[in-house]
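Chemist: requesting a structural model of the entry that follows:
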Amino acid sequence: METKTSVLRKISEGHKIIVPATSGQRTLAQAKAVFTGHLDPDFKKWGTDIKGEPKPETPADVYEQIENATFAEMFTSLSSDLGQLLWEQKQIIVFVENHKNWLHPEGYGSFLGFKVKDEVFVAHVRLFSGGALIANVHRFGIDYVWFASLRRRVIVPQLAA
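Modeler: Below you'll find the model as predicted:
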């Protein structure tokens with residue numbers, strides 16, 4: 001059964017996407033070997049290069065953007081509890097390494113939220129046809145409206161039923 005929110009449509013229904021347990025000891029700013037196309041220097045400049053906590057194996061859901069929306073509109077359309085929708089940075093790295101097939105296939109981007117101290121960020125991960133991975137970082141609270149025509153993806157920990 002397809003889950004539809006006001007701005008996102010679930011595309012991973014019926015698929016088991018698992019992020020293995022992680023140590024939390026690796027940050028996105030340190031993942032240059034994974035993001036060979038480009039790794040945004042703002043990961044360091046904005047203070048996100050802080051190790052996280054270990055996390056257990058975590059199932060993931062993948063959504064596709066179907067309406068123009070800001071990050072806040074996208075994520076809160078899934079849950080009012082933003083904390084449930086965020087990853088540790090090491091989980092994002094492992095997701096990208098293990099589940100590239102769930103990233104947007106045309107390089108338009110996939111969004112994965114994470115928190116450092118009291119600030120929420122969004123990793124904007126893009127996979128290009130040659131296999132190059134690019135990671136940029138955005139502040140969650142920006143008012144930029146992302147256009148739905150590119151069908152960007154939002155990847156979150158699976159919410160409890």
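Chemist: ok, which stretches of the protein are strands?
Modeler: 8-10, 18-19, 38-39, 58-65, 86-87, 110-116, 119-127, 133-139, 153-157 (DSSP state E).
Chemist: can you list the strands that the second one pairs with?
Modeler: So the one you mean is strand 18-19. Partners of strand 18-19 in the sheet, by DSSP bridges, are strand 58-65 (antiparallel).
Chemist: can you pull the buried residues of the strand it pairs with?
Modeler: Going by neighbour count (16 or more other CB atoms under 10 Å), the buried part of strand 58-65 is 58, 60, 61, 62, 63, 64, 65. The C-beta positions use only the backbone N, C-alpha and C, and glycine is treated the same way.
Chemist: do stretch 129-136 as well
Modeler: 133, 134, 135, 136.
Chemist: same check, this time on stretch 82-92
Modeler: Neighbour-count burial for stretch 82-92 [16+ other CB under 10 Å]: 85, 86, 87, 88, 89, 90, 91, 92.
Chemist: go on, stretch 98-110?
Modeler: So, applying 16+ other CB under 10 Å, buried residues of stretch 98-110: 99, 102, 103, 104, 108, 109, 110.
Chemist: including pLDDT and distance to residue 120, could those residues go into JSON lines?
Modeler: Output for these, formatted as JSON lines (pLDDT from 0 to 100; distance: CB to CB, whole Å):
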{"residue": "99", "pLDDT": "97", "distance to residue 120": "22"}
{"residue": "102", "pLDDT": "97", "distance to residue 120": "22"}
{"residue": "103", "pLDDT": "96", "distance to residue 120": "21"}
{"residue": "104", "pLDDT": "93", "distance to residue 120": "21"}
{"residue": "108", "pLDDT": "90", "distance to residue 120": "22"}
{"residue": "109", "pLDDT": "93", "distance to residue 120": "17"}
{"residue": "110", "pLDDT": "98", "distance to residue 120": "17"}
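Chemist: which one of those is nearest residue 143?
Modeler: residue 109 (17.8 Å; CB to CB).
Chemist: what about residue 8, neighbour count?
Modeler: 26 (other CB atoms under 10 Å).
Chemist: what about stretch 46-59, start to end distance?
Modeler: Stretch 46-59 has an end-to-end distance of 28 Å (CA to CA, to the nearest Å).
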